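# Pasting the sequence and the predicted coordinates here, then a few questions.
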Amino acid sequence: MYLDSAIIVKLLVKEELSDFFEASLKNLRVATSALSLLEVRAALYSKRRGKIISETQRLSAWQAFQEKIMCGEIKIFPLNEPVFTKAAEVMEGCNLSTALRTLDAIQLAACDISQVFPLCATDSRMRAAAEKLRIPLFPETLPV
């Protein structure tokens, strides 16, 4: 299963749907791209600035993420020229119908190139683009 960085954050910090994803992904090997190293870090800093988490919680969450990578629980795929080329194709194919952001296009491209399916994401634009690209999604429909 390929995780969008927002899902990784839900596994590190209590948020809406954290319990659902923790239970659903328990003991699964998952993957993401190297972009998540930056996106997760930025999300944790944002939560710290917003006083949603403390500095201790931010550091603990970041360390937990690093440990998940080190022990192989989360595999990191590199970003390279083929990923960026594919991301441009994704944007070309999706942006007329979906306002797809650049970083989401990169994650979708990395998922597609790695062939690690399904894509686990909650963002509606990313999910719409994945459907257009025929990338399987988890969950098939988001819990309410």
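It's in.
# What's the separation between the residue nearest to Ile74 when sequence neighbours are not counted and Tyr45?
Nearest non-adjacent residue to Ile74, counting by Cβ to Cβ, 6 or more residues apart in numbering: Lys68, 4.5 Å away. Any C-beta I mention is one placed from the backbone N, CA and C, and that applies to glycine too. From Lys68 across to Tyr45, the span is 19 Å (Cβ to Cβ, to the nearest Å).
# The two - which one has more neighbours?
Under the criterion of other Cβ atoms under 10 Å, the comparison of Lys68 against Tyr45 puts Lys68 first, with 16 against 13.
# What residues of the helix or strand harbouring the more buried one count as buried?
Using DSSP states H and E, Lys68 sits in helix 55-70. For helix 55-70, the neighbour count (16 or more other Cβ atoms under 10 Å) marks 57-58, 61, 65, 68 as buried.
# tell me the pLDDT at the closest residue to Ile52 other than its chain neighbours?
Spatially, and ignoring its direct neighbours in sequence, Ile52 is nearest to Val13 (7.7 Å; Cβ to Cβ, 6+ apart). Looking at Val13, its pLDDT is 98.
# Hmm, Trp62 and Val13 touching each other?
No. Counting by Cβ atoms under 8 Å, Val13 sits too far from Trp62 to count as a contact (10.3 Å).
# joint contacts of these two?
Shared contacts of Val13 and Trp62 (Cβ atoms under 8 Å, 6 or more residues apart in numbering): Leu44.
# Looks to me like Ile76 is in a helix.
No. Counting by DSSP: H, G, I helix; E, B strand; the rest coil, Ile76 falls outside a helix, being strand.
# quick revisit: give me the residues contacting the helix holding Lys68.
By Cβ under 8 Å, 6+ apart, helix 55-70 touches 8-9, 12-13, 40-41, 44-45, 47-48, 53, 74, 76.
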